[in-house]
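# Predicted structure and sequence below. I'll ask about it afterward.
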2 protein chains.
Amino acid sequence: MGKVGKRQGAAAPEYTVGLDIGGTKILGALLDPAGEVVATVRRSTVHGADGLVAGAAGAVREVVESGGVELAAVVGVGLGIPGIVDHVSGTVKHAVNLGVHDDELPLADLLSLALGGVPVVVENDLNVAAVGAAHVLERSENSERGAAEHEDLAFLALGTGLASGLVLDGELRRGASGAAGEIGHIPVDPLGPECPCGQRGCLERFASGKALEAAWPSRHGKPAPVELFEAARAGDEEAVAVKDRFAAATASAVRLLVLTTDVRHVVLGGGVAQLGTELLVAVQDALREQAKVSAFLGSLKLAERVSLAPTHVPVAAVGAAVLGRRS
Amino acid sequence: MGKVGKRQGAAAPEYTVGLDIGGTKILGALLDPAGEVVATVRRSTVHGADGLVAGAAGAVREVVESGGVELAAVVGVGLGIPGIVDHVSGTVKHAVNLGVHDDELPLADLLSLALGGVPVVVENDLNVAAVGAAHVLERSENSERGAAEHEDLAFLALGTGLASGLVLDGELRRGASGAAGEIGHIPVDPLGPECPCGQRGCLERFASGKALEAAWPSRHGKPAPVELFEAARAGDEEAVAVKDRFAAATASAVRLLVLTTDVRHVVLGGGVAQLGTELLVAVQDALREQAKVSAFLGSLKLAERVSLAPTHVPVAAVGAAVLGRRS
């Protein structure tokens, strides 16, 4: 596999498109040959195999047109999909939240056909998010440094569940069975609550959107994380305690990622990360608090490694487009 | 960095030497251009900077002579050292158990000088062990498969403490701050015992030689792990319980490594692994037991990923010699 964000040769137009296909919406991005995002698109997901392929093809055509280029200038398309993806065969299994119940949908081939033969690659959503975050970070850091350096990060997705995507020294790390980054199901408390995975005290039971909602259910129609942080800001003691526990658990996830892979950056993403700076500060405070008792932890400078996923671009779609360059 | 175990070109003799320098002994290996171990050596460590350099130089000359080649045929020497190593500058810091109290000992330069200019690289002991295990495994698997495949493994060292070295898809993973694989200090039990690192309930407090000795102190002059397993075999109920807890904790370390990095193999090494097959079976049983409650864990086939570090060659010295090829 090539390096993330590296141009592959200096041939003719090398535009690529990336799509981040979720249960409710498709986000798309067009990357120009220099790796710049030149157009983005957003449309609703149509469920079911046929709708999915047609919707994806429509999104590709729309973002290409919006970028002012021809589909013929696009050398590859990348897709990010939640669920079990075989990136080699380009198939998707049991993408239930996309209304795909087929045992195995040859999504790459079907979309390629619908687009007149453009090569298509499929990857899971966390992996494209990690690649996208690495691409954006690498470009901004290299422009500051004036020198190319490979990115090295974990994309820590605080979604309904908890999982991460890894880009290690510029390479997407999938692992031997595609399970790299599945830290949500590492038990961290023998007396913790049972997890649907069958184990007890999994990290996901403490650091995820689901865990947060269970501890602080939405009461006023806003997302639970927003209501929790509002209540904590207003001085509600219970809210402060729930928020602190959540921040500490998220900090534990960061610590676990660094003590295992020693990634240079941990980028917070997923639904809960829409809280923005307030979440980042809470997690950094928790990391500093944890480091107080341990010179060893302190030496790792964990708080400095954490940042929020870029929000000015659809980062997963950008990552999908980066992977589309290698198709 | 190059791939582990790959020949770099097909030029003239490319013999390399690797040394695994421990607190009591130096193990050395000579690799021929094909990557075969053609000679090994073992001698006592002489403490202090001067003794260390002279002893290392002597070990290199001895293993070269024993292999029937000239020192001039050696293109590089690799050293594995416990402690804080700067692999870029070739310096070692505070290698207290080697009697080196200098702030920074330029070990690579000093040894190179003592050997008439042969390039020398220095790496920490777990990293060379991981590279060595990958080299040995890759050669045996590739000879079975008849095709080259990059190795992917964690070397899980059950020594006094607990830590691991990682070779991911053929590349040594050091991490952004050299902390990759430091899983011993990931807390896994909020109510667990305090750890000298300052945290509480670190994995190392449950799965390490030190943890095992604390739970089952040596009473008959044999190493604590040996006495524990003997007592368990003899039916001592307390010993069985201690053994089971130790195996379960080691299994947790395996699970943690796979759920984070998804390495294809986890190789058990370090002092406790000298127990051999009995340890392997205990850890595999614990992994199967843990997988019983979780289809997700079961799908990862953790028990099948675990093996014992090769004992027919000094694996860390071999890894150091592999790294010497890149000096």
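Good, I have the coordinates. Numbering: from 1, shown residues only, chains lettered A, B, ... in the order given.
# got a pLDDT number for the nearest residue in space to residue A:89 that is not next to it in sequence?
In this structure, residue A:89 finds its nearest non-sequential neighbour in residue A:106, 7.3 Å apart by C-beta to C-beta, 6 or more residues apart in numbering or on different chains. (C-beta placed from N, C-alpha, C; glycine too.) For residue A:106, the model assigns a pLDDT of 94.
# How many residues are close by residue A:106?
Here the number of neighbours of residue A:106 (other C-beta atoms under 10 Å in any protein chain shown) works out to 18.
# That one reaches residue A:90, doesn't it?
Yes. The criterion here is C-beta atoms under 8 Å, and residue A:106 meets it with residue A:90 at 6.3 Å.
# hmm, back to that, could you list every residue that touches the residue nearest to residue A:89?
Residues in contact with residue A:106 (C-beta atoms under 8 Å, 6 or more residues apart in numbering or on different chains) are A:89-91.
# In a markdown table, list the residues you listed along with secondary structure, pLDDT and neighbour count.
Compiled in a markdown table, these are given as follows (DSSP: H, G, I helix; E, B strand; the rest coil; pLDDT from 0 to 100; neighbours: other C-beta atoms under 10 Å in any protein chain shown):
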| residue | secondary structure | pLDDT | neighbour count |
| --- | --- | --- | --- |
| A:89 | coil | 92 | 13 |
| A:90 | coil | 93 | 22 |
| A:91 | strand | 92 | 19 |
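# and of those residues, the nearest to residue B:311?
Residue B:311 lies nearest to residue A:89 out of those, by C-beta to C-beta, at 39.7 Å.
# neighbours around residue A:282, how many?
By other C-beta under 10 Å, the residues close to residue A:282 number 20.
# Wait, a strand at it?
No. In this structure, residue A:282 is helix, not part of a strand, as judged by DSSP: H, G, I helix; E, B strand; the rest coil.
# right, and it touches residue A:243 too?
Yes. Under the criterion of C-beta under 8 Å, residue A:282 makes contact with residue A:243 at 6.4 Å.
# Residues contacting stretch A:291-301, please?
By C-beta under 8 Å, 6+ apart, the list of residues contacting stretch A:291-301 reads A:255, A:258-259, A:290, A:302-303, B:177, B:179, B:185, B:197-199.
# and those residues, which of them are in helices?
Members of the contacts of stretch A:291-301 lying in helices (criterion: DSSP state H): A:255, A:258-259, A:290, A:302-303.
# now the residue positioned nearest the centre of chain A, what's its secondary structure?
Nearest residue to the geometric centre of chain A (C-alpha atoms, centre = their mean): residue A:129, 3.2 Å. Three-state call for residue A:129 (three-state DSSP): helix.
# Could you tell me the end-to-end distance of stretch A:72-91?
Stretch A:72-91 has an end-to-end distance of 24 Å (C-alpha to C-alpha, to the nearest Å).
# So which bits of that stretch are buried?
A:73-82, A:85-87, A:90-91 (16 or more other C-beta atoms under 10 Å in any protein chain shown).
# Over to stretch A:60-70?
For stretch A:60-70, the neighbour count (16+ other C-beta under 10 Å) marks A:60-64, A:67, A:69 as buried.
# Kindly report the same for stretch A:302-309.
Going by neighbour count (16+ other C-beta under 10 Å), the buried part of stretch A:302-309 is A:302-303, A:305-306, A:308-309.
# Then stretch A:233-252?
A:239, A:242-243, A:245-252.
# Please narrow those to those residing in helices.
Filtering the buried residues of stretch A:233-252 for helices - DSSP H - leaves A:239, A:242-243, A:245-252.
# Between the residues you listed, which sits nearest chain B?
residue A:252 (7.3 Å; C-beta to the nearest C-beta).
# So the closest one is in contact with residue A:188, correct?
Yes. Residue A:252 lies in contact with residue A:188 (C-beta under 8 Å); the separation is 6.3 Å.
# Name the residues of the stretch 101-250 of chain A found near chain B, please.
Proximity of the stretch 101-250 of chain A to chain B (C-beta under 8 Å from any C-beta of the partner chain) is limited to residues A:152, A:166, A:168-169, A:171, A:173-183, A:185-191, A:197-199.
# again, only this time at 7 Å
A:152, A:168, A:173, A:175-177, A:179-180, A:182-183, A:185-190, A:197-199 (C-beta under 7 Å from any C-beta of the partner chain).
# Which among those residues count as buried?
A:152, A:168, A:173, A:175-176, A:179-180, A:182-183, A:185-189, A:197-199.
# and the residue in the stretch 51-200 of chain A positioned nearest to chain B, what does it touch?
Ranked by C-beta to the nearest C-beta, the top residue of the stretch 51-200 of chain A for proximity to chain B is residue A:175, at 2.2 Å. Counting by C-beta atoms under 7 Å, 6 or more residues apart in numbering or on different chains, residue A:175 touches B:261-262.
# How is it assigned, secondary-structure-wise?
Looking at residue A:175 with three-state DSSP, the answer is coil.
# repeat for residue A:79
Following three-state DSSP, the label given to residue A:79 is strand.
# May I have the beta-bridge partners of it?
residue A:19, residue A:122 (DSSP bridges).
# Which residues are in contact with it?
For residue A:79, the contacting residues are A:19, A:21, A:56, A:107, A:120, A:122, A:320, by C-beta under 7 Å, 6+ apart.
# For it, give me the pLDDT.
At residue A:79, pLDDT is 97.
# Which residue, other than its chain neighbours, is closest to residue A:39?
Residue A:39 sits nearest to residue A:67 (C-beta to C-beta, 6+ apart), 3.5 Å away.
# if we can go back for a sec, report the contact partners of the residue nearest to the centre of chain A.
Neighbouring residues of residue A:129 by C-beta under 7 Å, 6+ apart: A:155, A:157, A:165, A:269, A:315-316, A:319.
# Which of the contacts of residue A:79 fall in helices?
Filtering the contacts of residue A:79 for helices - DSSP H - leaves A:56, A:107, A:320.
# Let me have these in TSV, adding neighbour count as columns.
Shown next, in TSV, are the ones in helices among the contacts of residue A:79 (neighbours: other C-beta atoms under 10 Å in any protein chain shown):
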residue	neighbour count
A:56	27
A:107	27
A:320	35
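# Return the member of those residues nearest to residue B:135.
Once C-beta to C-beta is applied, the member of the ones in helices among the contacts of residue A:79 that ends up nearest residue B:135 is residue A:320, at 36.1 Å.
# The buried residues of stretch A:60-70 into a markdown table, with extra columns for pLDDT and secondary structure?
Formatted as a markdown table, those follow (pLDDT from 0 to 100; DSSP: H, G, I helix; E, B strand; the rest coil):
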| residue | pLDDT | secondary structure |
| --- | --- | --- |
| A:60 | 98 | helix |
| A:61 | 97 | helix |
| A:62 | 97 | helix |
| A:63 | 98 | helix |
| A:64 | 97 | helix |
| A:67 | 97 | coil |
| A:69 | 95 | coil |
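# OK, contacts around residue A:319?
By C-beta under 7 Å, 6+ apart, the residues touching residue A:319 are A:18, A:80, A:128-132, A:135.
# And residue A:35, its phi and psi?
The phi/psi pair for residue A:35 (degrees, to the nearest 10) reads phi 90, psi 10.
# Correct me if wrong: it contacts residue A:140.
No. The pair residue A:35 / residue A:140 is not scored as a contact, 11.7 Å apart, by C-beta atoms under 7 Å.
# between the two, who's got more neighbours?
Using other C-beta under 10 Å as the criterion, residue A:35 and residue A:140 rank with residue A:35 on top: 19 against 11.
# What separation do you get for that one and chain B?
The spacing between residue A:35 and chain B, counted by C-beta to the nearest C-beta, to the nearest Å, is 23 Å.
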